[in-house]
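Trainee: fold the following, please.
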Amino acid sequence: MDETEFWEIIDSTREAAEGDPEDHADLLVERLLTLDPDSVLDFARHFESRYNRAYHWDLWGAAAVLLDGASDDAFDYFRCWLIGQGRETFEGAVHEPDSLAELLDEFDEDLDGDGEELGYAADEAYEQLTGVVAPDLGIPPQTAEPQGTPLDFEDDTALAERFPRLWERFGERPGQEPREAEAEDVEDVEEVEEVREEQEGRTGR
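Mentor: Residues are numbered from 1 along each chain as shown. Presented below is the predicted three-dimensional model:
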């Protein structure tokens, strides 16, 4: 499976699901079940390599703006969702996370940004096709630390300066009460570093 076919599968199933992440995952599994097991593994390699490539502090910060805070799990699921948005959105966001302000037509934090089930679609399809768990994909694992410079996701001023366009659309507005962090949110860079240390050795979602 080449890159073009990978993105065609992502796009066609997303469009059929009308953007709903859970429906997208179900339709993706159905589509993958029409392929042979080796092709499903090829799809999984494409997905996993992009998931790993999106492991960047700036993209995590952009997710924090969009989601009003992003724990480590939330960022994992955000990366899966981002892949599900297609090649143009994914590549644009990885290159410049602030460009999501233009790349996203709309964003509902109650619906969008969580593609957890998309991340398991290839595994589920492979197991249904073969009756066994998918083998190791043979690609480099996710780095122990995100790429780039750490950000303090609780510093609204820093987020607004780093992501001015995203903040203009999705961040705090003048006169609003300060945002309260979710219980799972990372409160500062030091705590984020601790979370990353706990994740050492992880290669999947």
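Trainee: and Ala62, how far from Leu137?
Mentor: Per CB to CB, to the nearest Å, Ala62 is found 27 Å from Leu137. (C-beta placed from N, C-alpha, C; glycine too.)
Trainee: end to end, how far does stretch 29-48 reach?
Mentor: One end of stretch 29-48 to the other measures 16 Å (CA to CA, to the nearest Å).
Trainee: can you pull the buried residues of it?
Mentor: By neighbour count on 16 or more other CB atoms under 10 Å, the buried set for stretch 29-48 is 29, 31-32, 35, 37, 39-48.
Trainee: got the end-to-end distance for stretch 121-139?
Mentor: 18 Å.
Trainee: kindly report the same for stretch 66-79.
Mentor: End-to-end for stretch 66-79, by CA to CA: 13 Å.
Trainee: that one - what's its average pLDDT?
Mentor: For stretch 66-79, mean pLDDT rounds to 94.
Trainee: wait, which of the buried residues of stretch 29-48 is closest to Cys80?
Mentor: Checking the buried residues of stretch 29-48 against Cys80 by CB to CB gives Phe47 as the nearest, at 8.1 Å.
Trainee: which secondary structure element of this protein has the lowest mean pLDDT?
Mentor: helix 189-198 (a mean of 49; mean pLDDT, DSSP states H and E).
Trainee: the longest helix along the chain packs against which elements?
Mentor: Longest helix in the chain by number of residues (criterion: DSSP state H): helix 37-53. Packing partners of helix 37-53 (3 or more CB pairs under 8 Å, 6 or more residues apart in numbering; DSSP states H and E): helix 3-16, helix 72-84, helix 121-130.
Trainee: tell me what angle it forms with helix 72-84.
Mentor: Helix 37-53 and helix 72-84 meet at an angle of 120 degrees, taking axes from the mean of the first three to the mean of the last three CA atoms, to 10 degrees as the criterion.
Trainee: and whichever helix or strand comes after helix 37-53 with helix 72-84, angle?
Mentor: Following helix 37-53 in sequence order, the next helix or strand is helix 57-67 (DSSP states H and E). Calculated by the same axes, to 10 degrees, helix 57-67 forms an angle of 90 degrees with helix 72-84.
Trainee: flag the shaky bits of this protein, pLDDT-wise.
Mentor: Along the chain, segments meeting pLDDT under 70 span 172-205.
Trainee: do that again at 80, thanks
Mentor: Confidence mapping of the chain against pLDDT under 80 gives the ranges 109-110, 172-205.
Trainee: what's near enough to touch the most centrally placed residue in it?
Mentor: By CA atoms, centre = their mean, the chain has its centre lying nearest to Arg79, at 0.8 Å. For Arg79, the contacting residues are 51, 54-55, 59, 115, by CB atoms under 8 Å, 6 or more residues apart in numbering.
Trainee: turn those into a markdown table, including distance to Thr149 and neighbour count.
Mentor: Listed next are the contacts of Arg79 as a markdown table, based on distance: CB to CB, whole Å; neighbours: other CB atoms under 10 Å:
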| residue | distance to Thr149 | neighbour count |
| --- | --- | --- |
| Tyr51 | 21 | 20 |
| Ala54 | 16 | 24 |
| Tyr55 | 14 | 19 |
| Leu59 | 12 | 24 |
| Gly115 | 26 | 25 |
